[in-house]
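Colleague: Quick one, structure for this:
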Amino acid sequence: MALILVTGASSGLGDATADALAGDGHDVVVHARTPARVNAPAGGGRWAGVVTGDLAEMGGIPGVTRQTAAFGRFDAVIHDAGTMHTPEAATVNTIAPYMLTVLMDRPSRLIYLSSSLHRGGSTGLVPLANGTASYSDTKLWVTALAMAVASRWEGTAAHAVDPGWVPTRMGGPGATDDLA
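Modeller: Below is the predicted model of the structure:
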């Protein structure tokens with residue numbers, strides 16, 4: 001089975017994804033901001049490992065990378081960690097996936113969680129520099145990152161995925177799509 005890293009796996013889509021993959025027999029390493037945020041896998045399974053670190057802190061991202069290196073080369077990395085809050089959105093939603101992508105051993109597959117809200121994002125990078133990037137901006141930029149990786153890294157499949165509006169902490173209870 002595959003060795004898979006899921007960032008932002010303490011709740012919502014990341015947690016559900018990690019549970020589903022582990023349930024299918026994959027070796028899943030979960031990432032959470034702190035050890036206290038790590039949930040036991042559903043169904044009594046086990047994680048292959050846990051890495052922790054705050055992806056909103058630029059200085060914390062290399063530490064997450066160092067922790068992942070202990071597991072060897074991942075078959076897939078799912079960049080699920082995300083936030084809607086400015087100014088952390090740029091770091092968590094765009095910079096962290098970029099840094100993890102370039103600092104880790106190259107996996108066979110990269111999946112970046114995006115959003116249909118990327119359509120309202122700005123291609124200008126001034127908001128990235130001055131800390132005013134919107135959620136839409138960050139999701140446009142991470143979508144562009146996925147496309148760049150897909151076109152430049154032969155042998156690595158890279159995708160940006162829009163999960164829809166799902167009832168998570170970010171999506172809220174009024175979300176109309178199904179989390180499953």
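
Colleague: residue ranges of the helices in this structure, please?
Modeller: Per DSSP state H, the chain carries helices over the ranges 12-23, 61-69, 88-90, 96-103, 126-130, 135-152.

Colleague: Point out the most buried one among those helices.
Modeller: Across the helices of the chain, averaging neighbours per residue (mean count of other C-beta atoms under 10 Å) puts helix 88-90 on top, at a mean of 23. Backbone N, C-alpha and C define where each C-beta goes, glycine included.

Colleague: contacting residues for residue 120?
Modeller: Taking C-beta atoms under 8 Å, 6 or more residues apart in numbering, we find residue 120 in contact with 134, 136.

Colleague: and residue 159, what are its bridge partners?
Modeller: residue 111 (DSSP bridges).

Colleague: Please name the nearest non-neighbouring residue to the residue most central in space within the chain.
Modeller: By C-alpha atoms, centre = their mean, the chain has its centre lying nearest to residue 79, at 1.9 Å. In space, residue 79 comes closest to residue 97 once its chain neighbours are excluded; the distance is 4.1 Å by C-beta to C-beta, 6 or more residues apart in numbering.

Colleague: Need the helices of the chain in CSV (columns: distance to residue 38 and mean pLDDT).
Modeller: Shown next, in CSV, are those (distance: least, C-beta to C-beta, whole Å; pLDDT from 0 to 100):
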stretch, distance to residue 38, mean pLDDT
helix 12-23, 10, 92
helix 61-69, 13, 97
helix 88-90, 20, 94
helix 96-103, 18, 97
helix 126-130, 30, 87
helix 135-152, 24, 95
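
Colleague: is it possible to export the ones you listed to TSV including distance to residue 55?
Modeller: Below are the helices of the chain laid out as TSV (distance: least, C-beta to C-beta, whole Å):
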stretch	distance to residue 55
helix 12-23	12
helix 61-69	6
helix 88-90	9
helix 96-103	4
helix 126-130	16
helix 135-152	12
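
Colleague: Let me know which of the ones you listed is the nearest to residue 161.
Modeller: Closest approach to residue 161 among the helices of the chain (C-beta to C-beta): helix 135-152, 8.6 Å.

Colleague: ok, back up a step: the residue nearest to residue 79 is in contact with residue 82, isn't it?
Modeller: No: applying C-beta atoms under 8 Å as the test, residue 97 and residue 82 come out as separate, 9.3 Å apart.

Colleague: Identify the spatial nearest neighbour of residue 21, chain neighbours not counted.
Modeller: Spatially, and ignoring its direct neighbours in sequence, residue 21 is nearest to residue 28 (5.0 Å; C-beta to C-beta, 6+ apart).
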